[in-house]
Every structure is written in structure tokens, then in C-alpha cells.
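Engineer: For reference, the sequence and a predicted model appear below.
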Amino acid sequence: MLNNKEKKYLKKIAQKEKAIFQIGKNGLNDELIKQVDQALEKRELVKLNILQNSSAEVDQAAEELATGLRAEVVQTIGKTLVLYRPSQEAKNQKLSAEVKALG
């Protein structure tokens, strides 16, 4: 569980990042979830956009992804959501080391 200081730090980093995934009319399918899982393992912080033609709601999609991927929702703004999960591989743990230093 992230504390407020850690979330604030992750929001600051996410603000500069571009969304690397878009949830469209197909919603959350298995392939998208698999790709987000792989991205979380490599990047630890992932930003997604929900397109206008999607039937998915931001809060619902964020909760579903967070639960399924064992990640944490950093924030949802408009049609954008940010997820965080520490990497299991030591070589990809740069961001999680910074977050741990805050806590």
C-alpha cells in the first residue's frame, strides 16, 4: 500500500509520461491485460487512456486492472489512469527503490 508521499511522487513522474496503452471499444481483454502486466514488470509505472468509444469507466477499469495485476492505482484523472507495481526483477527496480526511500 502506497502512502500519500509515495503517491505524490509517482503522480509527479506520471505527469511527464505519455500513455502507452489505450482502452478502446473492446474494453479490457486478456491481450491488453497481458501487455499491461509485461509493461508493469519492465517500467513499474504505466499510464493508460480510455477512448471515447469505450464502454469502460475509468474507476471501474482501474480497479479491475489493479486487482488482476496486483498493482496499485496511483491516480485517475478524466479518462486517464496510472498504475504502479514494483518489478520482480532487480534490474528493473529503479523506480521502486526511489519510492521505498520516500517511505
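Structural biologist: Nice, thanks for sending it over. Bear in mind the structure is a predicted one, so any value in this text is a computation, not a measurement.
Engineer: Only C-alpha atoms from now on, for both contacts and neighbour counts.
Structural biologist: Fine.
Engineer: By neighbour count, which bits of the one helix or strand A97 maps to are buried? Give me those.
Structural biologist: Using DSSP states H and E, A97 sits in helix 94-102. For helix 94-102, the neighbour count (16 or more other CA atoms under 10 Å) marks 95-96, 99 as buried.
Engineer: and the residue nearest the centre of the chain, what pLDDT?
Structural biologist: Residue closest to the mean C-alpha point of the chain, counted by CA atoms, centre = their mean, is L83 at 1.7 Å. For L83, the model assigns a pLDDT of 97.
Engineer: Is it correct that it is in contact with L69?
Structural biologist: No: L83 lies out of contact with L69 (CA atoms under 8 Å); the separation is 9.6 Å.
Engineer: ok, which stretches of this protein are strands?
Structural biologist: Using DSSP state E, the strands of the chain run over 21-23, 45-50, 72-77, 80-84.
Engineer: Take those strands and write them to JSON lines, including distance to A62.
Structural biologist: Shown next, in JSON lines, are those (distance: least, CA to CA, whole Å):
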{"stretch": "strand 21-23", "distance to A62": "11"}
{"stretch": "strand 45-50", "distance to A62": "9"}
{"stretch": "strand 72-77", "distance to A62": "6"}
{"stretch": "strand 80-84", "distance to A62": "7"}
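Engineer: And L81, how close does it get to K91?
Structural biologist: 25 Å (CA to CA, to the nearest Å).
Engineer: Neighbour count for those two, which is higher?
Structural biologist: Taking neighbours as other CA atoms under 10 Å, L81 and K91 compare with L81 leading, 21 against 8.
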